[in-house]
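**Student:** Sequence plus the predicted model coming up.
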Amino acid sequence: MHAFFRSLLLIICLITSVAFFSVPAHAFVPNDPEVQQWSYDTTNVYEAWDYTKGDSSIVVAVIDNGFDIDHPDLKPNVWVNPGEIADNGKDDDNNGFIDDVHGWNFLTNTHDLEVVSDKNIRVGKPRDVFHHATAVAGIIGGVIDNSIAGAGISQSSLMNLVVIGKSGTGSSQPVADAIRYAVDNGAHVINMSLVTPERSESLIDALEYAHLQGVVVVAAAGNSSLHLEKSPRFPICADADIDGEWVIGVSAVNQTRHNASFSNVGASCVDITAPGVDISSDLADSSSLFGDGFNGTSFATPFVSATAALILSIHPELTPDQVADILFSTVHKTPPEDPDVYEDLFGAGLLQIDNAVRFAEQNMFTSQYDVLFGFEPDTGTVSTRDTHTRKITREVREELIDVDALTMFVKRSKRYAVSVDYKNDAVTVRVYDNTWREEHAWVVPSSGKEDIYVADVTGDKGFEIILSPTYATKTAFRVFSLSGESVETYRIDTPHKGVSVSSVRYGSLDRHELLASFLTDDGVQLYHFNRRLKIRRRIPLPFNKRAVVGAGDFDGDGEIEYLGAGGVGESAYVMLFEKNRNEIHRFYVASNNYKGGLSVFVTDHDRDGISEIQVSQRTKNRRMRVWSPEGKRVRSWYPFGRSPLLPIRVVPFIE
């Protein structure tokens, strides 16, 4: 077989049909005659235009089969290479491409951007192939308010890069080359409404290059009704096991906001969903400027690309991960309620363009926590993520391989790590500084493995190390100074079957009080200790095996409420309680058949004075989710990418 077809490749993602919807009267309504369509209504495009219509300084590269640059609804927004003089046969800007005024054709290796030369393919499915890139470009950047055809979502500049032939297929190398061209020539966003089963190293390298250079890449899921974790497609799955959002993957929904029957799914590849059924847009080189009935993830993808361009028109300095954070944290949630099933279909949720641009205008997403830590004991790998810069660092420490537990904290701008390891009827505790120099080490008698927690729970403005046994004993926890001096040992009357330790913060970063849950024959109890490590409050929790605990102000009344969540062996639900023990809310945060245990942290995610719940699964899905006290998921993301790293601790940056 010819090498071109052996590499097989890139297939533009479409299918065909018709619908009519109306624009809400209260939002901006341009004079374009074909502006009304359901997909704009369900993503709130019209309302978004009240905030911004985009900016021509933001360049979106359309890597596809070539759009019609002479279309009257696209021509004013077609990108112009500022360093190139048209048709003079010279490489004026010395970028290696001659006369690349509006883009490049990577199939013919020329500046000829004619869509496809064979005009006889305009009937049936080839008709959709012929119009494919033009329809995609029209959704992204058709001119708004010019009384012609429809209106694109963002008034950005459209770079035209041809990688697909008239058959609707191509190979991956031209795509890799087109990505690098887009990055090197000023693109801020790359739209790729295409898929391939081939995992090309040149394609992966090009996507990494785009991410490192700060370019947002958006790609279609494909239309084969596949589960991408079983049958991966590219470029959408290129970052399935990689830190950061190299590719924002887009599935498609229909008018009822349910998954389009043709759309590929899979949580490790799909990040967000957008309308992909009965979409209307511009037509290429045709007697009619505008058409309807386009179906496919190809046409969902430009909704997300255009929204990224709108966000960047407000904050052009944002990184791809920051843009992704805004997109994912402003979605609309649709059924089903099972979060794992939901993410398989829709990723974070249904794109809401007005929410995203409003959020960008109101500033960046920030976390109450400054640093997240992750640890993989099998390899001794430690990852650190700065929540402000989104920078992720990773290091492998041989001394940490197979340790039982590791946690970290930051004091006076300096990072420390604490590990605990059980051997020969004792646990060894080690304290490391930020260069992994061992500052303190001591041995504590023990009958099994111990968990570890670090906080100032005594009010001495220092940090204490709290060891909590995972085995049956009357010892609930032991408190030590950082140098290993014993501060307190707390015992209960009857043996417990495991302890979970956390702390509650009052007002400022330097006021913590200890929380602990004990599993006994009488069930699970939550204990709240004061700064003298005396019991302040005791609340029974309706769990049968284990629970993790926390506390925060979940209703904005200035008072503390308590949290209990399923530990190992329990179903994955969260319960909130008043101080008087009355239950406030109860909701699942993972599939109801997941019983591998949760890591739970309380955070004021949006800094509005009301606490949210940050949750990750300990043994399965490495995605971290933030939930409102009412059980609404407000954010979902991979803090360390889709790697096997387990988020073990989130700590405030304490001076």
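**Tutor:** Sure, I can see it.
**Student:** Now do the end-to-end distance for stretch 314-331.
**Tutor:** 19 Å (Cα to Cα, to the nearest Å).
**Student:** any chance you could map the strands in the stretch 451-600 of the chain?
**Tutor:** If DSSP state E, counting those that start in this stretch is used as the criterion, the strands of the stretch 451-600 of the chain fall at 464-469, 473-481, 486-496, 499-505, 512-520, 523-529, 535-541, 547-552, 561-566, 573-577, 583-588, 598-603.
**Student:** what's the answer for the stretch 301-450 of the chain, then?
**Tutor:** 371-376, 381-386, 392-396, 405-411, 414-423, 426-432, 438-445, 450-455.
**Student:** How about the helix or strand harbouring Asp205, which residues are buried there?
**Tutor:** According to DSSP states H and E, Asp205 maps onto helix 201-212. For helix 201-212, a neighbour-count test (16 or more other Cβ atoms under 10 Å) marks 203-204, 206-211 as buried. C-betas here are computed from N, CA, C, even on glycine.
**Student:** Throw those into a markdown table and include distance to Gly152, thanks.
**Tutor:** Listed next are the buried residues of helix 201-212 as a markdown table, based on distance: Cβ to Cβ, whole Å:
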| residue | distance to Gly152 |
| --- | --- |
| Leu203 | 27 |
| Ile204 | 30 |
| Ala206 | 26 |
| Leu207 | 25 |
| Glu208 | 29 |
| Tyr209 | 27 |
| Ala210 | 22 |
| His211 | 25 |
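**Student:** Tell me the one among the residues you listed nearest to Phe577.
**Tutor:** His211 (43.1 Å; Cβ to Cβ).
**Student:** follow-up on the earlier one: could you dump the buried residues of helix 201-212 into a markdown table and include pLDDT?
**Tutor:** Formatted as a markdown table, the buried residues of helix 201-212 follow (pLDDT from 0 to 100):
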| residue | pLDDT |
| --- | --- |
| Leu203 | 96 |
| Ile204 | 94 |
| Ala206 | 96 |
| Leu207 | 95 |
| Glu208 | 92 |
| Tyr209 | 92 |
| Ala210 | 93 |
| His211 | 91 |
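**Student:** and stretch 193-201, how far apart are its ends?
**Tutor:** 19 Å.
**Student:** can you check stretch 163-172 too?
**Tutor:** 9 Å.
**Student:** Give me the neighbour count for the residue nearest to Ile85 when sequence neighbours are not counted.
**Tutor:** For Ile85, ignoring the flanking residues on the chain, the nearest one in space by Cβ to Cβ, 6 or more residues apart in numbering is Asp92 at 5.0 Å. Per other Cβ atoms under 10 Å, the neighbour tally for Asp92 reads 16.
**Student:** What residues sit buried inside stretch 250-266?
**Tutor:** Going by 16+ other Cβ under 10 Å, stretch 250-266 has these buried residues: 250-254, 257, 259-260, 262-266.
**Student:** and the residue nearest to Ile85, what does it touch?
**Tutor:** Going by Cβ atoms under 8 Å, 6 or more residues apart in numbering, Asp92 touches 83-85.
**Student:** For it, report the pLDDT, please.
**Tutor:** Note on Asp92: pLDDT of 91.
**Student:** tell me the secondary structure for it?
**Tutor:** Recorded secondary structure, Asp92: coil (DSSP: H, G, I helix; E, B strand; the rest coil).
**Student:** so how far is Phe373 from it?
**Tutor:** 50 Å (Cβ to Cβ, to the nearest Å).
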